[in-house]
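K.L.:
Have a look at this fold, sequence not included:
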């Protein structure tokens, strides 16, 4: 599924949070099962399985990092290095949930590769490609913040000026590469960013 920004991946608590990617996919394919999630504010590719066996295989592929994921984001400021590896441990910021934070004492290992696609000096923005090597909650958002370049439109992590610089979080899951699983061949899924 190509999930729009603002839609939950799975149902939330409360009657008003039942519309989600999972319920929309299951309306068409009742057997569909959730494999992974995207933040509500993030748009892009979301993978579902159509059998418990495939859900197990796909979930294992995600857990063992055999799934390639590529995101595009627009960051505030001009990122200096053309490429960089961000290796910062993340943990839930309990007093400010659902926010996450970098914590070298209690955080879980989290790695992201960042590649600059384009620098816009007039707007002081950088379009980047993000390749998460791990899959922590809010990982890309917190890693970009930690290097001093929050994602535009990020209501949780960006300062007010950068929150208001875009009508939504400018983060899109644009590519998912699934390995061969059983008799199912490898598959490369793509979705161009809508920004």
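P.N.:
Thanks, I have the structure now. Since the model is a prediction, treat every value here as computed from it, not as a measurement. Numbering: from 1, shown residues only.
K.L.:
ranges for the strands of the chain?
P.N.:
With DSSP state E as the criterion, the chain has strands at 2-3, 33-34, 43-45, 48-49, 68-76, 83-87, 90-92, 100-102, 111-120, 125-132, 171-178, 187-190.
K.L.:
could you give the mean pLDDT of the fourth one?
P.N.:
Across strand 48-49, pLDDT averages out at 96.
K.L.:
got it, and the third one?
P.N.:
Averaged over strand 43-45, pLDDT sits at 98.
K.L.:
Off-centre distance for it?
P.N.:
Averaging C-alpha positions (CA atoms, centre = their mean, to the nearest Å) puts strand 43-45 8 Å from its chain's average.
K.L.:
OK, contacts around the residue nearest the centre of the chain?
P.N.:
Nearest residue to the geometric centre of the chain (CA atoms, centre = their mean): residue 38, 5.4 Å. Neighbouring residues of residue 38 by CB atoms under 8 Å, 6 or more residues apart in numbering: 3, 9, 21, 44, 46, 173. Bear in mind the C-beta positions are built from the backbone N, C-alpha and C, glycine included.
K.L.:
of all the residues you listed, which two lie farthest apart?
P.N.:
Greatest spatial distance in those: 21 and 173, 11.7 Å, computed using CB to CB.
K.L.:
who touches both of the two?
P.N.:
3, 38, 46.
K.L.:
Residue 124 contacts residue 77, doesn't it?
P.N.:
Yes - with contact defined as CB atoms under 8 Å, residue 124 counts as touching residue 77 (5.9 Å).
K.L.:
okay, now the nearest residue to residue 29 once chain neighbours are set aside: neighbour count?
P.N.:
The shortest distance from residue 29 to any non-neighbouring residue, by CB to CB, 6 or more residues apart in numbering, is to residue 50 (6.2 Å). Using other CB atoms under 10 Å, the number of residues around residue 50 comes to 13.
K.L.:
Got the phi and psi for residue 50?
P.N.:
Main-chain dihedrals, residue 50, degrees, to the nearest 10: phi -110, psi 20.
K.L.:
same thing with residue 124?
P.N.:
Dihedral angles (degrees, to the nearest 10) for residue 124: phi 60, psi 50.
K.L.:
how close does it get to residue 164?
P.N.:
Per CB to CB, to the nearest Å, residue 124 is found 14 Å from residue 164.
K.L.:
what sits against the residue nearest to residue 59 when sequence neighbours are not counted?
P.N.:
Leaving aside its sequence neighbours, residue 59 sits nearest to residue 35 (CB to CB, 6+ apart; 5.7 Å). Contact partners of residue 35, counting by CB under 8 Å, 6+ apart, are 47, 48, 49, 55, 58, 59, 62.
K.L.:
Go again with 10 Å.
P.N.:
Residues near residue 35 by CB atoms under 10 Å, 6 or more residues apart in numbering: 46-49, 54-59, 61-62, 67, 178.
K.L.:
Alright, that wraps it up for me.
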